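A.B. asks: Have a look at this prediction, sequence included:
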Amino acid sequence: MQRALNRALDDALAADDRTLVFGQDVGPLGGVFRVTDGLNAKYGDERVFDTPLAESGIMGMAVGLAMAGWRPVPEIQFDGFSYPAIDQLVNQVGRMHYRSRGTLPMPITLRLPSFGGIRAPEHHGESLEALFAHVPGLKVVSPSNPAEAYALLRQAIDDPDPVVFMEPKSRYWHKAGFDEAMAAERLPVGTSRIVRPGRHVTLIAWGAMVARCLQAAELGAEDGVEIEVVDLRWLKPIDAAGVAESVSRTRRAVVVHEAPLTAGLGAEVSALLMEHCFSDLRAPVGRVTGYDVPYPSPVLEDEYLPSIDRILEAVQRTLEYRRG
Amino acid sequence: MAMTTPERMNHPDDVDGENVDADLLSSLYETMVAVRHLDLDAVAMQRQGIIPGYAPMRGQEAAQVGSAAALERTVDFAFPTYRELGVAIALGVDPVSYLASHQGAWHGGLWNPAETHLAPLNAVVGGAVTHAVGWAMGARLDHSDGVAIAYFGDGASSQGDVHEAMNFAGIYELPVVFFCQNNGWAISVPTESQVAGGSVAARAEGYGLVGNRVDGNDVIAVHRATEAAILRARSGGGATVIEAMTYRAGPHSTSDDPGRYRTLAEEQDWLTRDPLTVAEARLRALGYVDAYFEGVEVQARERAAEVRDGVAALGGRPGEEMFDFVFAEPTASLLEQRRAWQEASRG
């Protein structure tokens, strides 16, 4: 996936010379995950450059660059280090278009290596999607495979509004064939995708959890349970109609995410399903999530992340649900 | 010297005004008087219930007008916080559009920042300082002559964003002027409890920038310092930190009571250095007479009355606007929320 993202940045830089890529270590090093590899050499210090280690400054600079008519694509090196940038994201990035009554567009794409699963130290495995999705004026997206990573990043950079692009870092090295046709596809803002059709229950996930749900669906199929897997992709705006369409057919749904349970995006998806297809539901919408604890140390990581077993148990509970 | 007493700085041309350009001084003076009347009227409008709240800037006219008048409006860009009426007026922004923010019509104000080169009002005092840095980088990438000026106060200078911005400006050698209006008070906290290291200007050196502390009540001193900083930035010399030592003569906002944290004696002491009095004395030394000052006064009063009528006539905004400017195009969810709002407001 990291090569697909690299190509998306390369193509975006080539397509529009107002596009700028910057952040800590994105220059000659090519980023700690090599997503910006070779771009500094190809586009020079003015288009692809390192910044001081100052996350709020990076986001604030992006705001000023956007005001001057540029298309900034900043990177914050790790999810947990975006906390110092949240003031700028919430108070400035998300509001400048509104505050200026549309006269100062903010076509900023914040690339944010996100989520856990890589045995990293503290602050390197956060799942902040609910926090960003809650902020008016921000869009949020996360890809689950290389081809969509390419297409969604191009889409995010082309978008006239600020987008938080959450890269599932545990999938950076995932090599599943880069499908040229899929990469070339338009994936409009606010659209989801059924990645595996099924008729008994719908699993809704994003980022790295999509792959885990697909594994769960494989196992479910061995027992004759046909699990539909929906990749939500856009976490804001959410494809409420698309997800509801799937759940109206399967009549059962489980949301899977890495973030803590309370006030997570699963609650939002669940509420949307209640609003859109309450009468079709045969069971309460289930949730399989991280726990309400700070992201744990590597040795406990597998206990924290939604496992295939936890997902299948939730599926089972949903299938066996009987009205009291 | 405590920072909450007026600093009487020496300027070679302070005494006889010999080296002062009379046309420049009179034009700055006229703008300052206009701003004074608008500011006093805004406070009055708040007291009369026409506007819900206002952040008075009386006492800071020289710092704001002197600095903003040094900008080239078509190429430079100014980043205010929320006490920059004088900057807005000096940049030619329509006062009604500016006061629309305080009237409650729209947080950022109703002027067009892209056209006027004054960013929307910003209540986060250090936040916009980083924007000035980004804008300056953009201007340099465009090979334009543009210089960004960031307005902030002694209180904001404590915020991380201001330090990050100065460091960025030093690293990238950007055309920025960091203009600190040190007005003595961050709401109730005095400068000596706010600014470590002696002064805000003193910090510049640590970032490889030039620091310059000026008498912020002397409009000519401010104008000269800003002009020099802009020239330096424009010619590739990098950023300057200007610390204009001034005084917020009134309260922090119309809901604030300065009597709880400072003395009347201090306020009166600073009144002796009122920027309008300082400029008037200079003009008189240059030969300007009563008739001139009366004329300026009348004109300012008339303009303030027009603005007052304009603000009173502003009224509310159409509710749809609440949804219109969130994104370039509203999302399906926003459209649905707007529809629900329309339904609810009809009922």
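C.D. replies: On my side now, so go ahead. Residues are numbered from 1 along each chain as shown, chains lettered A, B, ... in the order given.
A.B. asks: Please give me every residue in contact with the residue nearest to the spatial centre of chain A.
C.D. replies: In chain A, the centroid-proximal residue (CA atoms, centre = their mean) is residue A:142; its distance is 2.0 Å. Under the criterion of CB atoms under 8 Å, 6 or more residues apart in numbering or on different chains, the neighbours of residue A:142 are A:114, A:129, A:165-168, A:206-207, A:233, A:235. (Each C-beta comes from the backbone N, C-alpha and C, glycine too.)
A.B. asks: Please apply the same query to residue B:100.
C.D. replies: Neighbour list for residue B:100: B:106, B:109-110, B:311, B:314 [criterion: CB under 8 Å, 6+ apart].
A.B. asks: Most neighbours among these, which one?
C.D. replies: Within those, neighbour counts (other CB atoms under 10 Å in any protein chain shown) peak at residue B:109, which reaches 29 neighbours.
A.B. asks: what about the residue nearest to the centre of chain A, distance to residue B:130?
C.D. replies: For residue A:142, the distance to residue B:130 equals 27 Å [CB to CB, to the nearest Å].
A.B. asks: same deal with residue B:154?
C.D. replies: The gap separating residue B:154 from residue B:130 is 18 Å, by CB to CB.
A.B. asks: Tell me which of those two has more neighbours.
C.D. replies: Taking neighbours as other CB under 10 Å, residue B:154 and residue B:130 compare with residue B:130 leading, 31 against 24.
A.B. asks: looking at it, residue A:140 is touching residue A:233, isn't it?
C.D. replies: No: using CB atoms under 8 Å, residue A:140 is not in contact with residue A:233; the gap is 10.0 Å.
A.B. asks: And the strands in the stretch 151-300 of chain A?
C.D. replies: Along the stretch 151-300 of chain A, counting by DSSP state E, counting those that start in this stretch, strands occupy A:163-168, A:193-196, A:201-205, A:227-231, A:234-236, A:253-256, A:286-288.
A.B. asks: Highest mean neighbour count across those strands, which stretch is it?
C.D. replies: strand A:201-205 (a mean of 30; mean count of other CB atoms under 10 Å in any protein chain shown).
A.B. asks: Contacts only, for residue A:101.
C.D. replies: Per CB under 8 Å, 6+ apart, neighbours of residue A:101: B:106, B:108, B:110, B:112, B:321, B:325.
A.B. asks: wait, doesn't the last one sit right on residue A:105?
C.D. replies: No: with contact defined as CB under 8 Å, residue B:325 does not count as touching residue A:105 (10.5 Å).
A.B. asks: Report the strands that pair with the helix or strand hosting residue A:140, each with its relative direction.
C.D. replies: In the assignment (DSSP states H and E), residue A:140 maps to strand A:139-141. With DSSP bridges as the test, strand A:139-141 is paired with strand A:163-168 (parallel), strand A:234-236 (antiparallel).
A.B. asks: Below-threshold pLDDT in the chain: ranges please.
C.D. replies: Picking chain A for this. For chain A, residues meeting the criterion pLDDT under 70 lie at A:324.
A.B. asks: should've been chain B
C.D. replies: For chain B (pLDDT under 70), the answer is B:1-18, B:347.
A.B. asks: Spatially central residue in it, please.
C.D. replies: Short answer for chain B (CA atoms, centre = their mean): residue B:84, at 2.8 Å.
A.B. asks: ok, residue B:155 - contacts?
C.D. replies: B:125, B:186-187, B:189, B:194.
A.B. asks: Need the max-distance pair from those residues.
C.D. replies: Of all pairs drawn from these, the one with the longest distance (CB to CB) is B:125 and B:189, at 12.8 Å.
A.B. asks: Compare the two and say which one has the larger neighbour count.
C.D. replies: Counted by other CB under 10 Å, residue B:125 and residue B:189 do not tie: residue B:125 has more neighbours, with 21 against 13.
A.B. asks: Go ahead and confirm residue A:264 touches residue A:291.
C.D. replies: No: if you go by CB under 8 Å, residue A:264 and residue A:291 don't touch, sitting 10.6 Å apart.
A.B. asks: Settle it for me: which of the two has more neighbours?
C.D. replies: Ranked by neighbour count (other CB under 10 Å), residue A:264 and residue A:291 place residue A:264 first, with 22 against 13.
A.B. asks: Quickly note the distance from that one to residue A:165.
C.D. replies: Taking CB to CB, one finds residue A:264 at 19 Å from residue A:165.
A.B. asks: Contact partners for the residue nearest to residue A:201 when sequence neighbours are not counted?
C.D. replies: Of all residues not flanking residue A:201 in the chain, residue A:252 sits nearest, at 4.1 Å (CB to CB, 6 or more residues apart in numbering or on different chains). The contact partners of residue A:252, taken as CB under 8 Å, 6+ apart, are A:200-202, A:281-283, A:318-319, A:321.
A.B. asks: Spell out which residues are contacts of both of residue B:325 and residue A:105.
C.D. replies: Among the neighbours of residue B:325, those also in contact with residue A:105 (CB under 8 Å, 6+ apart) are residue A:97.
A.B. asks: in the helix ranked longest in chain B, what's buried?
C.D. replies: Taking DSSP state H as the criterion, chain B has its longest helix at helix B:22-47. Within helix B:22-47, the residues that qualify as buried are B:25-26, B:28-39, B:41-43, B:45-46, counting by 16 or more other CB atoms under 10 Å in any protein chain shown.
A.B. asks: so which helix or strand takes in residue B:306?
C.D. replies: helix B:290-312.
A.B. asks: And the contacts of that helix?
C.D. replies: With CB under 8 Å, 6+ apart as the test, helix B:290-312 has contacts from B:26, B:29-30, B:33-34, B:36-38, B:40-41, B:45, B:50-51, B:95-96, B:99-100, B:103, B:280, B:283.
A.B. asks: Please, where are all the helices along the chain?
C.D. replies: Let's take chain A. For chain A, the helices defined by DSSP H occupy A:2-15, A:39-43, A:55-67, A:86-88, A:96-99, A:129-133, A:146-158, A:180-184, A:209-222, A:240-250, A:265-277, A:298-304, A:308-320.
A.B. asks: switch to chain B, that's the one I care about
C.D. replies: B:22-47, B:61-68, B:85-90, B:95-103, B:113-116, B:127-141, B:160-172, B:200-203, B:219-234, B:264-271, B:275-285, B:290-312, B:321-324, B:332-346.
A.B. asks: Among those helices, pick out the one with the most neighbours on average.
C.D. replies: helix B:61-68 (a mean of 31).
A.B. asks: Could you list every helix and strand that that helix packs against?
C.D. replies: Judged by 3 or more CB pairs under 8 Å, 6 or more residues apart in numbering or on different chains; DSSP states H and E, the packing partners of helix B:61-68 are helix B:22-47, helix B:85-90, strand B:148-153, strand B:176-182, helix B:219-234, strand B:240-245, helix B:275-285.
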